[in-house]
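Trainee: Pasting a predicted model and its sequence here:
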Amino acid sequence: KTANGNLDVPNSLKKVGWYSLGVRPGEMGNAVIDGHEVDELGFGAIFKNLYLLEPGDSIFVVNQNNQKLDFEVQNSEVYHLDSAPLAKIFGMASTSNLNLITCNGDFMRNLKTKDKRLVVYAKLK
């Protein structure tokens, strides 16, 4: 997370980041993990193929106890940078969810980020 509590981006193109102010994957609620789609030159990063996930696909997460958790993709949505539904992504939930986030859309040089976010929503099986 950033100093003001926002979701920060991983410092590596090959790693993901977990939003530590939220729940851990497998706990009740929305666990959020983010990762880069591409680098500044357009080369693929850890979530370069995130857009290929479809409802019914599995996502596996290994937790700190070396337990393998199986999540099923429910759907995915693309949001403009300023209109992502933060409560839906980060808020409370009555099920154990995993929400994966990466950049999407056109690169905005002045902000050094893309103008959209891809969110893949998954639920613990």
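Mentor: Good, I have the coordinates. Residues are numbered from 1 along each chain as shown.

Trainee: For the protein, give me the ranges with low pLDDT.
Mentor: Under the criterion pLDDT under 70, the flagged ranges of the chain are 1-6, 40-41.

Trainee: which residues in it form strands?
Mentor: Residue ranges of the strands in the chain, as given by DSSP state E, are 17-18, 29-34, 58-62, 68-80, 96-108, 113-124.

Trainee: Any buried residues in the last one, and which?
Mentor: In other words, strand 113-124. Across strand 113-124, burial judged by 16 or more other CB atoms under 10 Å covers 114, 116-122, 124. Where C-beta positions appear, they are placed from N, C-alpha and C, glycine not excepted.

Trainee: could those residues go into TSV alongside distance to Lys68?
Mentor: Formatted as TSV, the buried residues of strand 113-124 follow (distance: CB to CB, whole Å):
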residue	distance to Lys68
Lys114	31
Lys116	31
Arg117	27
Leu118	25
Val119	23
Val120	19
Tyr121	20
Ala122	14
Leu124	12
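
Trainee: which one of these is nearest Phe90?
Mentor: Nearest to Phe90 among the buried residues of strand 113-124 is Val119, at 10.4 Å by CB to CB.

Trainee: any idea how far the residue lying farthest from the centre of the chain lies from Asp57?
Mentor: Ranked by distance from the centre of the chain (CA atoms, centre = their mean), the top residue is Asn110, with 23.3 Å. In this structure, Asn110 and Asp57 are 35 Å apart, going by CB to CB, to the nearest Å.
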